[in-house]
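Asks: sharing a sequence plus its predicted fold:
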2 protein chains.
Amino acid sequence: MSLRLLVVDDHPVVRTGLVAMLSEQEDFEVVAEAADGEEAVAMVRRHSPDVVLMDLRMPGLDGAEATARLRATGDGPAVLVLTTYDTDADIVRAVEAGATGYLLKDAPSETLADAIRRAARGETVLAPPVVARLAGRMRRPAAPVLTEREVEVLGHVAHGLSNAEVGRAMHIGEATVKTHLLRSFEKLGVTDRTAAVTAAYKAGLIEL
Amino acid sequence: MSLRLLVVDDHPVVRTGLVAMLSEQEDFEVVAEAADGEEAVAMVRRHSPDVVLMDLRMPGLDGAEATARLRATGDGPAVLVLTTYDTDADIVRAVEAGATGYLLKDAPSETLADAIRRAARGETVLAPPVVARLAGRMRRPAAPVLTEREVEVLGHVAHGLSNAEVGRAMHIGEATVKTHLLRSFEKLGVTDRTAAVTAAYKAGLIEL
DNA sequence: ACGAGAGTCCACCGGTCGGTGGACGACGGT
DNA sequence: ACCGTCGTCCACCGACCGGTGGACTCTCGT
C-alpha cells in the first residue's frame, strides 16, 4: 500500500522535479499533477490522494484558498504546503487555511519524504525556519493585526495619497484617516507614515 | 556532439526538475550541478560547459555576481538566467552582468530546450514578459537613476527617520536632506516621501 | 440589561514636511 | 579659460502631518 500523492505547482520545472524526487521512494506514487488551485481541487475529487503537495503563489486560485476548500469538505487529504517563501503572512494564511505542514523548497530529498510520511499520518510538520518565525511572532505580546480600515488607509498612503485625499477616496473625514494611521503606528511600533508602510509591507499586510 | 550543461540552483527540487526535463532531450548532457555562485564558478572551471542555467536568488554569491565573474574571464560559457522573478532590478542586474538570456521558471519544457540551443549559438533570448518590461522601461525618457546620496536618504526615510534625524546620521543639514528628497521625488514621479520610498523599492533602488 | 471593549468617526494645536530660491565646487567639452 | 551641467549644500514660508481628547455604534459576556 503506497501513499498516493498530488503535486500542485504552476511551474513545470518544479513539478517534474518533485515527481522525479518522489519516484525514487518505493512507497510513494504520484497519481496526478495540477498547475493551479482550481485544477488541484478537481484532481483531488477525481483521484482522492492521501497527501497534496501544494505551492502557495499560483495564478488564479492560490494555494491557501485551495487548501481552505479542500479542508472545508470535512475529511480531505493532508495538505503539505511547499513554497519558496517564508513570510509571516504566507505562513499564517496557510496554517489558518488548514495546512498539515509547511516546508520550504530548499529542503533536501530526505526531509521532504519524511515530511510526507508524517503528514500522511496526520502529524503537523513545519520547517525549522517556519517554526522560528512563528515562535518569534508569539513572543510579541501585541500581534500586529490591523483592522480592515487601517490596512485600507495604509494602502492609499503607500501610493502617495495625502490624508485629505485618502479621506475623499474612502468617504470619511481627514481627521478619521489620521486616527486610523495613529492606531496602525501604535500596532506596528513606528512613529511615522513612511515607516508604517514599510513595516506593514514587511508584515505582509499590504502589497506594493 | 551534445551540449554540455551546468545547472545552478540552491533548491534541490528545481535542480532535479531541470535535470529530468533536460535529460529527455537527445542533444543535452548535464555535466554538473551547483547550489550557489561559488560552486558554479568552480564547476565551470572544472567541466567547462557550453551553457550555464543560472538561478538569481541564492545564498552567498548570487546569480548576477556569479554571471559577472564567469563573463569577466573573456570567453566563458553562455549564461542563461532562469528565475522565478521578473522585477526590473533583477533583469537589469542580470543583463548588465552579461547574461545571454533571461527565462522565467514557469516556462514549459520546449521553450526551455529551445532557449538553451539558441543560447549555445550565442543568441540573446529573453522571455516575453521580460521583453515587455524592458520595453516599458525604455519608453520612459528619464531613467529613474538616483544619485548615491539620494538613495542613502531614501533608505533612512524608509526606516522611519525624520529629516533632521537623517541629517544627523549623514552629517549634513536638515535642509540638504530635503533637497535630496525633492530631487528624488522629481525623478521618481511622486510628490511625497512615502510614495518615493515605495517607488524606489519597486525600482529596486533600495531594500526594505 | 448593563458595562467593557473594539472599531469607526471627528475637531483642535504644534512640529514637521514639501516647495521655492539660491550658493558652492567638480567635471567635461568647444 | 569658459560655460553648462551635475551633485551637494543651505535658509525661509505655507501646508500638511503627528498627537491628544472625545463621541458614537456595535458586539460581546456574565
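Replies: The structure has been received and is ready for your questions. If you're wondering where the values come from, they're calculated on a predicted model, not measured in any experiment. Numbering: from 1, shown residues only, chains lettered A, B, ... in the order given.

Asks: DNA strand D contacts on chain A?
Replies: A:162-164, A:174-175, A:178-179, A:181-182, A:185, A:191-194 (Cβ under 7 Å from any atom of the strand). From N, CA and C alone the C-beta is placed, and that goes for glycine too.

Asks: who wins for most neighbours among the residues you listed?
Replies: residue A:194 (24 neighbours; other Cβ atoms under 10 Å in any protein chain shown).

Asks: in what helix or strand does it lie?
Replies: Element membership for residue A:194, per DSSP states H and E: helix A:193-202.

Asks: quick revisit: filter the residues of chain A next to DNA strand D by proximity to DNA strand C?
Replies: Counting by Cβ under 7 Å from any atom of the strand, the members of these near DNA strand C are A:175, A:178, A:179.

Asks: assign the spatially most central residue of chain A to helix, strand or coil.
Replies: With distances taken as Cα atoms, centre = their mean, residue A:90 lies nearest the centre of chain A, 2.9 Å away. Under DSSP: H, G, I helix; E, B strand; the rest coil, residue A:90 falls in the helix class.

Asks: that one reaches residue A:83, doesn't it?
Replies: Yes. Residue A:90 is within contact range of residue A:83, at 6.7 Å (criterion: Cβ atoms under 8 Å).

Asks: what do the two both touch?
Replies: Common neighbours of residue A:90 and residue A:83, using Cβ atoms under 8 Å, 6 or more residues apart in numbering or on different chains, are residue A:56.

Asks: which parts of chain A are helices?
Replies: Assigned by DSSP state H, chain A shows helices spanning A:12-23, A:37-47, A:63-72, A:88-97, A:109-120, A:128-139, A:148-158, A:163-170, A:174-188, A:193-202.

Asks: shouldn't residue A:108 be in contact with residue B:11?
Replies: No. Checked against Cβ under 8 Å, the pair residue A:108 and residue B:11 is beyond contact range at 9.8 Å.

Asks: of these two, who's got more company?
Replies: More crowded of residue A:108 and residue B:11, by other Cβ under 10 Å: residue B:11, with 21 against 12.

Asks: surely residue A:68 meets residue A:97?
Replies: Yes. Using Cβ under 8 Å, residue A:68 is in contact with residue A:97, at 4.1 Å.

Asks: comparing the two, which residue is more hemmed in?
Replies: Between residue A:68 and residue A:97, counting by other Cβ under 10 Å, residue A:97 is the more crowded of the two (22 against 18).

Asks: around DNA strand C, pick out the residues from chain A.
Replies: Contacts of chain A with DNA strand C, taken as Cβ under 7 Å from any atom of the strand, map to A:147-150, A:167, A:170, A:172-173, A:175-176, A:178-180, A:183.

Asks: could you give the backbone dihedrals for residue A:162?
Replies: In terms of degrees, to the nearest 10, the main-chain angles of residue A:162 are phi -80, psi 170.

Asks: I'd assumed residue A:75 was in contact with residue A:48.
Replies: No. Taking contacts as Cβ under 8 Å, residue A:48 lies outside contact range of residue A:75: 10.5 Å.

Asks: compare these two and say which is more crowded by neighbours.
Replies: The residue with more neighbours, out of residue A:48 and residue A:75, is residue A:48; 12 against 6, by other Cβ under 10 Å.

Asks: contact partners for that one?
Replies: So residue A:48 contacts A:4, A:77 (Cβ under 8 Å, 6+ apart).

Asks: give me the low-pLDDT residue ranges for chain A?
Replies: Along chain A, the model assigns pLDDT under 70 to residues A:1, A:74, A:86, A:88, A:130-144.

Asks: just the buried residues of stretch A:71-87, please?
Replies: Using 16 or more other Cβ atoms under 10 Å in any protein chain shown as the test for burial, stretch A:71-87 gives A:71, A:76, A:77, A:78, A:79, A:80, A:81, A:82, A:83, A:84, A:86.
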